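Student: kindly return the folded structure for what I paste below:
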Amino acid sequence: MKKLVLSTLFVLQAVLVFAQQTSALKGKVVDAKSQKPLQNVVATIQSTNQSVVTDAEGIFNFKSIPDGEPVLVVSSTGYRTQTFVLDVTAGQTVDLGIITLEEDITTEQQLSLVTITENDLGDDNTGSESTSGLLQSSRDTYQQAAAFNWGQARFRIRGLDNQYGTTMINGISMNKIYDGRPQWSNWGGLNDATRNQEFTMGSAASEYTFGSILGTQEIDTRASHYRPGNRITMSGTNTNYSWRAMGTHASGLNDKGWAYVVSASRRWAEEGYFDGTDYSANSLFASVEKKFNDKHSLNFTSIYAENSRGKSSPNTQEVTDIMGVKYNSYWGWQDGHKRNSRDKDIAEPINMLSHYWKISENTTLNTNVAYQTGKIGNSRLDYQNGNNPDPTYYKKLPSYFNNLGTYTDAEINGLRNDFINNSQIDWNAMYIANQNSGFPGRSIYVLYEDRTDDTQWSANSLLNSSLSDHVSMNAGINFKKLKSHNFQNLLDLMGGTYFADIDPFYSGDTSQSDLNNPNRYVFENDTYGYNYNLFATVFDGFTQFKFNYNKFDFYLAQSFSRTEYQREGLYRNGIYADNSYGKSQKTTYENFGFKGGLTYKINGRHLLDFNGLYMTKAPIMRNVFSNARLNNNITPSLTEESIVGADASYIIRSPKLKGRITGFYNKISNSSEISFYYAESIGEATSGDTDSFVSEIVTGLDKQAMGAELGLEYQITSTIKATASASYGQYIYSDNAKLLTNDDGRAAEGLNPIRNFGTVYIKDYHQPGLPEQAYSFGLEYRDPNYWWVGANINYLTGSYVDVSSILRTDNFIIDSDPNNTQGYSYPGATEPNVRRILKQEKFDDFMLLNLIGGKSWRLSSKNRNTFGFFASINNLLDVEYKTGGFEQSRKATYPDLVADQANGTPSFGTKYFYGYGRTYFVNFYINF
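Tutor: The predicted structure is shown next:
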């Protein structure tokens, strides 16, 4: 087989070679201000696989380049990219002389991007999805608009979740096995240290991984690749934090082969944009490299980023109308300070050892081993035999009393004022209740955290080889082994001395969290409620062959992966006494993928590009166990996802005009989702109580995305540039799905906890929480004296609410009365009425105006010391807009939902997330 593959490659090479390249190219790159040579600047012959980097003297050489008018691109992180159209005569050397690169202070936008991504990505809600964090390194006009202009509105590239992209540090994937998404906060605040990045779009070829349909982001932390120098920054903003200080030093590679980089930052706020959202984050970075000789280098990277922040609540329209969009029900006053009951705390340090081996002039091998351990905690209140402390609990809202129909308008208005006066958590009342619980020392209310302590080993090897002038190969193997300890950790007894480890909604053995230790009292920092481990072992590998010729390039890649999951219960839960303690059976998935692409070069400036992919993907670990906190049950009917992706682009690259227009199609089949909620008229309990807390399991979801992307950049004059970007898409569920529930109440009565609700009629509903259309136009003025200003206006539309699945099953319309043996519908549940009440809500369109600008100064003519600032104002007109929302599933039948909505203000209406209003970001920096 090996001989056959190699023979085929060489035959392809022989058939497709068109001409011998004999012309050469050289040049020298210097800093425009200091006139000092720049090392590690990348020079690329556009539309070929030819790239070189400058040496310590700033010099680059191409031994052979295509004849005619090839295009040279010279780029380096922190500098404006230069593009040259060459006039090449066969057999001659083109000498470009000295090329000056100007500092690109627009890259300071990357600093403000963190205020979008870190605050929201990875939260356990549906209003916090964006793919902007994946696009930090891109210089494509469309991708820049998606990141900086539309990211604040939770725009997603091609409607895709972050789990369909791959974020890597030194080739090792940072996507979490649990949910498939990167945890951005693991390196948050380290913008200088993570600026060396490579990005691919969609399923395009990557040298580091097979990838998927969203793209890849590779962060390079090799110490010798950083530009030597020092940098100090100070920033102010009114988004999720108020202040940030950061310092970075890079030594460069010395004569003894050593290089190191250190960076540190702190971000903090007593209160962010939304009420009660405190913020505190500290980050440290170190990278040390030893170059032993021209063939071997060893690099060690250590990243520590701790982050603690208060969350903000989604709210119903009723609550927002009363309290405003900044209202947050999660906090309350305590001892003169705002205390948030729902903090998210993250500290998961990363340590990575990398070996770089230059086997020959044409072949390199990079091997990395990483160890990551730490914790993620999400706090919230727990209570037993007490009133719900949530100030927005439905029985405390005016709508509840209004829907009873027994209160006058004056009384309802009085109740509205009562809510305004008691709209925050009453910490003091809970402390008093604990002191008067009726059981000396026993707390009624406590603060706890849902805790995840992960320990993960990762390793990979990446082989890159130029097999000939026209054929190159990339190959890689990756290994991950995870132990994830999940438990409920008691943080604060709130004046009491102990708390009972029972579930007060049940009695006898079924109330026990752990039958191996029944009727247990717990104290601060004790584990209670649930306690289990999740284990995962993942292996994957890929090969990729790239072919490069004068008129066209193409690539072919394939991948294989094996994923194994297992749960180990550390408690013997009273409801699931026989299926909670000990290890579950292992579940294994073997998956594969194929992709390919073709680029046709009409000439050096005009290209046609095509990419296609088919792959299968193991379900994320979160969805494999239907109720992992309490039992070992594996989700029924769970299968691998099937993913199809294709795109076609026309690309123009000229000195004045750069642009891309792309059409795309993606389909994800057999995906699954699990959610938890309390619903009425959903159970089949023998006691006759059909209200229950359930885990909802939706399988067989088919998601389809199709549309077009446009990005244009035109240099009107040497100082004025115009940009235009557009995205037009349709992101829908292309078929119906299936729904099961895991009902603890049924299990407590000895019944099968799994109930099949059959079909979810979700076909043609829109995928939630993202604009399907986005448009942007911007102008930028860049003065020769190193200051610039820009503005862009953006229009976004086509964002929809996340619909409730249980409301779109037969349970919603068919009377569940045992006497209804004929399956009759509820009175009034006609098709027109059901369609009206279940119509998916579309959010209002909105327009955002943003201003940006900056200035830099050279502090000395003898060196590259510079001082500068960057400033931006987003949403200048202070537009109020929704970024997401979800229907509540409490009222699970037609008559219940109609009754709840009868007076126009439902008690269980849709809950919404809102974007930032007018915000600013100011950053001062000095490089020396």
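Student: and the helices in the stretch 651-800 of the chain?
Tutor: Shown for the stretch 651-800 of the chain, the helices assigned by DSSP state H, counting those that start in this stretch span residues 744-748.
Student: revised request: answer the last question for the chain.
Tutor: Using DSSP state H, the helices of the chain run over residues 2-16, 109-120, 141-144, 317-323, 398-404, 409-421, 427-435, 744-748, 831-837, 894-901.
Student: okay, buried residues for the fifth one please.
Tutor: Translated: helix 398-404. Of all the residues in helix 398-404, those buried under the rule 16 or more other Cβ atoms under 10 Å are Pro398, Ser399, Tyr400, Phe401, Asn402, Asn403. Quick note: C-beta positions are derived from backbone N, CA and C, even for glycine.
Student: looking at those residues, spot the one nearest Ser423.
Tutor: For those, the minimum distance to Ser423 (Cβ to Cβ) is 11.9 Å, reached by Pro398.
Student: residue contacts, that closest one?
Tutor: In this structure, Pro398 makes contact with Glu318, Ile322, Ile412, Leu415, Arg416, Phe419, Thr905, judged by Cβ atoms under 8 Å, 6 or more residues apart in numbering.
Student: next, count neighbours for the first one.
Tutor: As a burial measure, the neighbour count of Glu318 was computed by other Cβ atoms under 10 Å and equals 22.
Student: so it versus Val898, what's the distance?
Tutor: When distance is defined by Cβ to Cβ, to the nearest Å, Glu318 is 18 Å away from Val898.
Student: then the second one?
Tutor: Shown here: Ile322 relative to Val898, a distance of 24 Å by Cβ to Cβ.
Student: also Thr167?
Tutor: Plainly put, Thr167 is 46 Å away from Val898 if you go by Cβ to Cβ.
Student: what about these two, which has more around it?
Tutor: The residue with more neighbours, out of Thr167 and Val898, is Thr167; 22 against 16, by other Cβ under 10 Å.
Student: leaving out sequence neighbours, find the closest residue to that one.
Tutor: Of all residues not flanking Thr167 in the chain, Pro182 sits nearest, at 4.1 Å (Cβ to Cβ, 6 or more residues apart in numbering).
Student: cool, and Ala347?
Tutor: Glu306 (4.1 Å).
Student: one more: Tyr786?
Tutor: Closest residue to Tyr786 apart from its sequence neighbours, by Cβ to Cβ, 6+ apart: Ser856 at 4.8 Å.
Student: correct me, but that neighbour touches Thr866?
Tutor: Yes - Ser856 is in contact with Thr866 according to Cβ atoms under 8 Å; the separation is 5.3 Å.
Student: tell me the contacts of Tyr260?
Tutor: Tyr260 makes contacts with Ala223, Ala250, Ser251, Ala286, Ser287, Val288, Glu289, as judged by Cβ under 8 Å, 6+ apart.
Student: for these, which one is nearest Lys326?
Tutor: Minimum distance to Lys326 across those is 38.7 Å, recorded for Ala286 (Cβ to Cβ).
Student: what pLDDT does the closest one get?
Tutor: In this model, Ala286 is scored at 98, pLDDT.
Student: name the residues contacting each of Ser856 and Thr866.
Tutor: When Cβ under 8 Å, 6+ apart defines a contact, the residues bordering Ser856 and Thr866 alike are Glu103.
Student: what backbone torsions are found at Asp735?
Tutor: When read as degrees, to the nearest 10, the backbone of Asp735 gives phi -160, psi 170.
Student: ok, how many other residues are close to it?
Tutor: By other Cβ under 10 Å, neighbour count at Asp735 equals 14.
Student: next up, the contacts around it.
Tutor: Shown here is Asp735, whose contacts under the criterion Cβ under 8 Å, 6+ apart are Gly700, Asp702, Lys763.
Student: which residues does the closest residue to Asp526 other than its chain neighbours form beta bridges with?
Tutor: In space, and not counting its chain neighbours, Asp526 is closest to Leu490: 5.2 Å by Cβ to Cβ, 6+ apart. For Leu490, the beta-bridge partners under DSSP bridges are Tyr448.
Student: so Leu490 sits right up against Val446, yeah?
Tutor: Yes - distance between Leu490 and Val446: 6.0 Å, which falls inside the contact criterion (Cβ under 8 Å).
Student: partners of Leu463 in the sheet?
Tutor: Leu463 has these beta-bridge partners by DSSP bridges: Leu365, Ala475.
Student: which ones are touching it?
Tutor: Contacts of Leu463 by Cβ under 8 Å, 6+ apart are Thr363, Thr364, Leu365, Met473, Asn474, Ala475, Gly476.
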